[in-house]
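need coordinates for the below:
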Amino acid sequence: MQLKFDLNAGTLYISLSDHEVSRTREVDDNTNVDVDAAGEVVGIEVISTQHPWPLSRILADYSLPAGEEAHLRAYFYLPAPAAAQAVMPQPAMPPPPQVGIAPPAVLVAA
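Numbering: from 1, shown residues only. Alright, predicted model coming up:
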């Protein structure tokens, strides 16, 4: 995956493959997906990064290699689908420390 950001225009192109673009599909007014002759995603064009763009919709509608999808989710802070989250174990969190209260064994009667 390669990201190309034009600072002057505020556009972003996410290149996912070196295949030749066969056609461009409009996702919304701000987002296009380039696909090759086999229908595989070649790249994603975001016309203005100042406006929201539907990454979750693109991931739902188009097949991307699992590694590329994971990179996109991580880079653009998009959580994994609920089914994938249910499978991932959650780390156990220790109870928060009690501030200002000494443990009972430390207290001494005067």
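
how many other residues sit next to V27?
Number of residues near V27 (other CB atoms under 10 Å) recorded here: 18. To be clear about C-beta, it is placed using only N, CA and C from the backbone, and glycine gets the same treatment.

also Y13?
15.

contacts only, for it.
Contacts for Y13 (CB atoms under 8 Å, 6 or more residues apart in numbering) come out as 3-4, 43-46.

one more time with 10 Å
Contacts for Y13 were tallied using CB atoms under 10 Å, 6 or more residues apart in numbering; they are 2-6, 32, 34, 43-46.

just the buried residues of these.
Buried by 16 or more other CB atoms under 10 Å: 32, 34, 43-46, out of these.

picking that back up, relative to A60, which of the contacts of Y13 is nearest.
For the contacts of Y13, the minimum distance to A60 (CB to CB) is 13.5 Å, reached by I44.

would you mind measuring from the closest one to I14?
I44 sits 4 Å away from I14, going by CB to CB, to the nearest Å.

all the strands of this structure, residue numbers only.
All strands of the chain, identified by DSSP state E, fall at 2-6, 11-15, 23-28, 31-35, 41-46.
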